[in-house]
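**Q** Predicted model and sequence follow; I will ask about them next.
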Number of protein chains: 2
Amino acid sequence: MTLPEQPARPRGSYAKGVARRQEILDRAIEVFAQRGGTRTSLRAIAQEVGVTHAALTHYFGSLEELLVAVYDESSRRPGDNEYTPGEVTPAEMMRRSAEENRAIPGMVQLYSTLNATAIDGNHPAAQAYVTERFADLRARLAAQVREQQASGTLRADVDADLAAALVIAASDGLQIQWLLDPEVDHAAALRLLDRLLSTPES
Amino acid sequence: MTLPEQPARPRGSYAKGVARRQEILDRAIEVFAQRGGTRTSLRAIAQEVGVTHAALTHYFGSLEELLVAVYDESSRRPGDNEYTPGEVTPAEMMRRSAEENRAIPGMVQLYSTLNATAIDGNHPAAQAYVTERFADLRARLAAQVREQQASGTLRADVDADLAAALVIAASDGLQIQWLLDPEVDHAAALRLLDRLLSTPES
DNA sequence: GTCTATACGTCGATAGAC
DNA sequence: GTCTATCGACGTATAGAC
């Protein structure tokens, strides 16, 4: 739900040009979706969006903030399946989310780029966003693990927080391997992890 | 082992300035180790190494190839524990390797940067290196999994190749989460995965 | 308030002098 | 074999047109 009061605010800004900003963001998302994460300079994006590169910095402040906005918006959009019902297993939830991202060509690259940007210091906005996203995701998955441990679906002898971090890490890492070598079966490996985490059929 | 005949060859080059190249590479490794992966422009590295940036491109061709050379050399160096004995479990092997990398400050960032570089297309040298490294690692781990399945240490009902990809992915993904939030326990999560993969104590 | 034009410093890469 | 000089492109910052 994330609070119903939230029309279309730019996140941190004091409402600059809300409508126009959204318009530009929509175009930028299309651009990122079509081309891969490759060749994404501020100027190239601006040209395809149809504005000057200075207009982008006007609305987004910097390239890293634009990347964050594009990823955030387009990851929030597709199925609105944040807060999925608790019946699916944790790895299955990551699998579905990753599958949606993989349907959009540039998305996985954008995600990896964003992670690398966040990692290397000197990019506080990206770092804050990615760090918070990981923390949220871990908390949500851990809660789900605890639920399903209580209902007997998942093994009770695993630490929920560790399992949450493990499932996220597995999904992210498998996506990278899959990008470099499509023979790596992201879905099958996550299904394996799910099976390892579930209670033995005894 | 990787063939004993290999004195110090630059990898793909036709022997430009072998000794001098190695000298520069050694210095570059120290530089990467000390500072984080941050602030690593070709010119900055050159300045600290004590040459001009043109000299670096002379020996390494491009920045991406320098990154590959630095990572390759310094990951091969520390414990020479490629091809570890088969007694340790797969996740334990990744855990040890990651621990060594984490002891060198800039190493984890360099690894992530390299992965991102390989992913985004337009960097064929990095892509080829990382792709091959993943394939090698998967093959080695999968063989190890099969061994330990035969000896009864690991569960026999998991696909060895999937398990190998899963363990590598988990280790890589956990390192990223750990970099952004040191509370994420890389070693503990890998130990959990190891336990999930091992045969039930029945 | 929106956006363009423009300039600044730095980047990776290359050509040619020495 | 290494450096100087130079290139086009990059992200960012600012001044001012509308």
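**A** Happy to help now that I have it. Numbers count the residues shown, from 1 in each chain, chains lettered A, B, ... in the order given.

**Q** Now do the same contact list for A:Ile29.
**A** For A:Ile29, the contact set (Cβ atoms under 8 Å, 6 or more residues apart in numbering or on different chains) comprises A:Val70, A:Glu73, A:Ser74. In short, each C-beta sits where N, CA and C put it, glycine included.

**Q** let's go with 10 Å and repeat that
**A** Neighbouring residues of A:Ile29 by Cβ atoms under 10 Å, 6 or more residues apart in numbering or on different chains: A:Ala69, A:Val70, A:Tyr71, A:Glu73, A:Ser74, A:Arg77, A:Ile104, A:Gly106, A:Met107, A:Leu110.

**Q** Confirm that the first one lies within a strand, as I assumed.
**A** No. Counting by DSSP: H, G, I helix; E, B strand; the rest coil, A:Ala69 is not part of a strand but helix.

**Q** and it, how many neighbours does it have?
**A** 23 (other Cβ atoms under 10 Å in any protein chain shown).

**Q** Count the residues that sit near A:Val51.
**A** 17.

**Q** tell me the two of the contacts of A:Ile29 that are most distant?
**A** For those, the farthest-apart pair by Cβ to Cβ is A:Ala69 and A:Ile104; their separation is 15.6 Å.

**Q** Torsion angles phi and psi at A:Ser198?
**A** When read as degrees, to the nearest 10, the backbone of A:Ser198 gives phi -80, psi 160.

**Q** now swap in A:His123 and tell me
**A** Here A:His123 shows phi and psi, under degrees, to the nearest 10, equal to phi -140, psi 70.

**Q** Which residue comes closest to the residue nearest the centre of chain A once chain neighbours are left out?
**A** With distances taken as Cα atoms, centre = their mean, A:Ser75 lies nearest the centre of chain A, 5.5 Å away. Excluding the flanking residues, the one nearest A:Ser75 by Cβ to Cβ, 6 or more residues apart in numbering or on different chains is A:Asn101, at 7.0 Å.

**Q** Point me to the helix or strand that includes that neighbour.
**A** helix A:90-103 (DSSP states H and E).

**Q** show me what contacts A:Asp185?
**A** A:Leu174, A:Gln177, A:Trp178, A:Arg191, A:Leu192, B:Asp159, B:Asp161, B:Leu162, B:Ala165.

**Q** host element of the fourth one?
**A** Following DSSP H and E, one finds A:Arg191 within helix A:186-197.

**Q** Show me which residues of chain A are close to DNA strand D?
**A** A:Ser41, A:Leu42, A:Arg43, A:Ala44, A:His53, A:Ala54, A:Thr57, A:Ser62, A:Leu63, A:Glu64 (Cβ under 7 Å from any atom of the strand).

**Q** helix, strand or coil for the third one?
**A** Here A:Arg43 is helix, with the state taken from three-state DSSP.

**Q** And for it, the neighbour number?
**A** Count around A:Arg43 with other Cβ under 10 Å applied: 12.

**Q** and the closest residue to it other than its chain neighbours, how many neighbours?
**A** Closest residue to A:Arg43 apart from its sequence neighbours, by Cβ to Cβ, 6+ apart: A:His53 at 4.5 Å. For A:His53, the neighbour count with other Cβ under 10 Å is 16.

**Q** now swap in A:Val184 and tell me
**A** Neighbour tally, A:Val184, other Cβ under 10 Å: 25.

**Q** now swap in A:Asn122 and tell me
**A** Close neighbours of A:Asn122, defined as other Cβ under 10 Å, add up to 12.

**Q** I'd say it and B:Thr38 touch.
**A** Yes. The criterion here is Cβ atoms under 10 Å, and A:Asn122 meets it with B:Thr38 at 5.1 Å.

**Q** average pLDDT across the longest helix anywhere in chain A?
**A** Counting residues, the longest helix found in chain A (DSSP state H) is helix A:124-150. Per-residue pLDDT over helix A:124-150 has a mean of 97.

**Q** Then stretch A:44-63?
**A** Stretch A:44-63 shows a mean pLDDT of 95.

**Q** Between the two ends of that stretch, how far is it?
**A** Here the two ends of stretch A:44-63 are set 12 Å apart, with distance taken as Cα to Cα, to the nearest Å.

**Q** Distance from that stretch to the middle of the chain?
**A** Distance of stretch A:44-63 from the chain centroid (Cα atoms, centre = their mean, to the nearest Å) equals 23 Å.

**Q** Please apply the same query to stretch A:185-202.
**A** Relative to the centre of its chain, stretch A:185-202 is centred 22 Å away, using Cα atoms, centre = their mean.

**Q** quick one: contacts for the closest residue to A:Ser198 other than its chain neighbours?
**A** Of all residues beyond its chain neighbours, the one nearest A:Ser198 is A:Leu154 (5.8 Å), with distances taken as Cβ to Cβ, 6+ apart. Neighbour list for A:Leu154: A:89-90, A:144-148, A:160, A:163, A:194, A:197-199 [criterion: Cβ under 10 Å, 6+ apart].

**Q** For the residues you listed, which two are the farthest from each other?
**A** With Cβ to Cβ as the measure, no two of the contacts of A:Leu154 lie farther apart than A:Arg146 and A:Asp194, at 16.1 Å.

**Q** out of those two, which sits in the busier spot?
**A** Each of A:Arg146 and A:Asp194 has its neighbours counted (other Cβ under 10 Å); A:Asp194 has more, 19 against 16.

**Q** gap between the closest residue in space to that one that isn't next to it in sequence and A:Asp185?
**A** Distance criterion Cβ to Cβ, 6+ apart; nearest residue to A:Asp194, sequence neighbours excluded, is A:Ala91 at 4.1 Å. In this view, A:Ala91 and A:Asp185 are 13 Å apart by Cβ to Cβ, to the nearest Å.

**Q** what's the overlap in contacts for those two?
**A** Shared contacts of A:Ala91 and A:Asp185 (Cβ under 10 Å, 6+ apart): A:Arg191, A:Leu192.

**Q** Tell me the one among the contacts of A:Asp185 nearest to DNA strand C.
**A** A:Gln177 (25.3 Å; Cβ to the nearest atom of the strand).
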